[in-house]
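Student: quick one, what's the 3D model for this:
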Amino acid sequence: MTRQIMISFGELYTKGRNRKNFVRQLQENIIHSLKGLNCEVKATHDHLYVKQYNLEQEQYIVDILIDISGIYYVSIIEIYSRDEDSIKSAALSILKRKAIQTFKVVSKRIDKSFPIISDQINRLIAKEILQNTDLTVDVHKPDFALEIKVYHDGVYFIVDKYLGAGGYPLGVIGHGLMMMSGGIDSPVAAYLMLKRGIRISCIHFASPPYTQEGVIFKLKDLLRELNRYQSKIDLYVIPFTKLQEAIYEHVRPSYTITIMRRMMYRLSEQLAHIRNIPIIVNGESIGQVASQTLESIATINEVTNMPIIRPLAAMDKIDIIALARKINTYNISIQPYEDCCTIFVPDHPETKPRINHALAEEAKFDYESLIKLALEGVEHIVVEN
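Tutor: Next up, the predicted model:
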């Protein structure tokens, strides 16, 4: 018997001619994530396999794999010889280890030259189990479904199965600049992009002394959680104080949030061009706050032609919080360190700003020189595991 970990691709089956490139990237990502564990990662036409690992590290390896985007299922498999007695004894041994009362058998002949068809395999194994245990068959809702695949080199029994992250392999789709505030939403949006195979860099707007240094430590903690999905993340901290002060000195209060967000998009676009990043990403959810109404989004977006991706656009806050808890960012996000979006908030921000009014407000001060100054003072931080 040989014990291995089998990785199922999920959505990669839809990629046609590009499938080989996607699988190759996924294999490279897995090898990188498992570095130092002295195991092999091999690809076949339908799965990836982790082989020759220390069995004591098996669960640790599984825990790493289920967080890698592009993986649909992670299965522990045992491989036995193709003779009938070996198949029956293997099935019996596996089911005796399970704390179950009901089972079913699901077999598939990958190698069609194998003389016993799938239905016969199911019946053969079920008969062996029923004769030698107190277990009963339940084909609808069994406690355990024993999956079996017959290949040319052996019979593969799936002993345990874990749901993976899904999506596409990290890096295979491209690169996005994530507007990271430190709140609940942006880390969740970043996670969803990572899951779709998009590598992220992050931009943050800092306004000391109005914002505390603790918010940067908070951001680093958030990114360390996201390091589970991308091992190295670039964080660009933009000094936003002078711009923000100018906004609140010259712009009428109801338009300060609109103008502030327009400045953030201008800065994000310029940094993205410098870093050769083709898209901007943020954690906006439609209607959640004044700057996220449809009218606000349209007026704010007017300053850039760069694609803006909003993974959370149609999500309810309760669903965003649930996902934040799942990826372990929620408790970090609610730490009481204010970012520049939460200071100087006007009592009555404009929810339906107009572009011509925004342009009139911006004409009151020299924002272009302040943007240039901010970009010259950017701080680059690398967060990695």
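Student: which residues in this protein form helices?
Tutor: 19-33, 58-65, 84-96, 118-132, 185-195, 214-226, 241-250, 256-274, 294-301, 317-326, 330-333, 355-362, 367-376 (DSSP state H).
Student: packing partners for the fourth one?
Tutor: Read it as helix 118-132. Here helix 118-132 touches helix 84-96, strand 102-109, strand 136-137, strand 144-151, going by 3 or more Cβ pairs under 8 Å, 6 or more residues apart in numbering; DSSP states H and E. Yep, even glycine has a C-beta here, placed from its N, CA and C like the rest.
Student: looking at the helices of the chain, which one has the lowest mean pLDDT?
Tutor: Of all these, mean pLDDT reaches its minimum on helix 19-33 (a mean of 90).
Student: how far is it from where the chain is centred?
Tutor: In this view, helix 19-33 has its centroid 16 Å away from the chain centroid, taken as Cα atoms, centre = their mean, to the nearest Å.
Student: that helix - contacts with which helices or strands?
Tutor: Helices and strands touching helix 19-33, as assessed by 3+ Cβ pairs under 8 Å, 6+ apart, comprise strand 40-43, strand 48-51, helix 58-65.
Student: so who does Ile200 touch?
Tutor: Contacts for Ile200 (Cβ atoms under 8 Å, 6 or more residues apart in numbering) come out as 175-178, 190, 193-194, 226, 230, 233, 281.
Student: what's the burial count for Ile279?
Tutor: By other Cβ atoms under 10 Å, 16 other residues sit near Ile279.
Student: what does Asn356 give?
Tutor: 9.
Student: relative to Ile66, how far out is Ser75?
Tutor: Distance of Ser75 to Ile66, given as Cβ to Cβ, to the nearest Å: 11 Å.
Student: follow-up on the earlier one: identify, from the contacts of Ile200, the entry nearest to Phe365.
Tutor: Checking the contacts of Ile200 against Phe365 by Cβ to Cβ gives Leu177 as the nearest, at 25.7 Å.
Student: that closest one pairs with what?
Tutor: Note on Leu177: beta-bridge partners by DSSP bridges are Ser201, Ile280.
Student: that one touches Ala272, doesn't it?
Tutor: Yes. With contact defined as Cβ atoms under 8 Å, Leu177 counts as touching Ala272 (4.6 Å).
Student: turn the helices and strands packed on helix 118-132 into a markdown table, columns for distance to Thr256 and mean neighbour count.
Tutor: Output for the helices and strands packed on helix 118-132, formatted as a markdown table (distance: least, Cβ to Cβ, whole Å; neighbours: other Cβ atoms under 10 Å):
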| stretch | distance to Thr256 | mean neighbour count |
| --- | --- | --- |
| helix 84-96 | 65 | 17 |
| strand 102-109 | 61 | 18 |
| strand 136-137 | 68 | 13 |
| strand 144-151 | 58 | 19 |
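Student: what about Lys112, distance to His152?
Tutor: Distance of Lys112 to His152, computed by Cβ to Cβ: 10 Å.
Student: okay if I get the helices and strands packed on helix 118-132 as JSON lines plus distance to Val159?
Tutor: JSON lines is the format used below for the helices and strands packed on helix 118-132 (distance: least, Cβ to Cβ, whole Å):
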{"stretch": "helix 84-96", "distance to Val159": "6"}
{"stretch": "strand 102-109", "distance to Val159": "13"}
{"stretch": "strand 136-137", "distance to Val159": "19"}
{"stretch": "strand 144-151", "distance to Val159": "9"}
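Student: Thr211: which of the ones you listed is closest?
Tutor: Evaluated over these, closeness to Thr211 peaks at strand 144-151, with 52.8 Å, by Cβ to Cβ.
Student: so the closest one versus helix 118-132, what angle?
Tutor: If you take axes from the mean of the first three to the mean of the last three Cα atoms, to 10 degrees, strand 144-151 sits at 130 degrees to helix 118-132.
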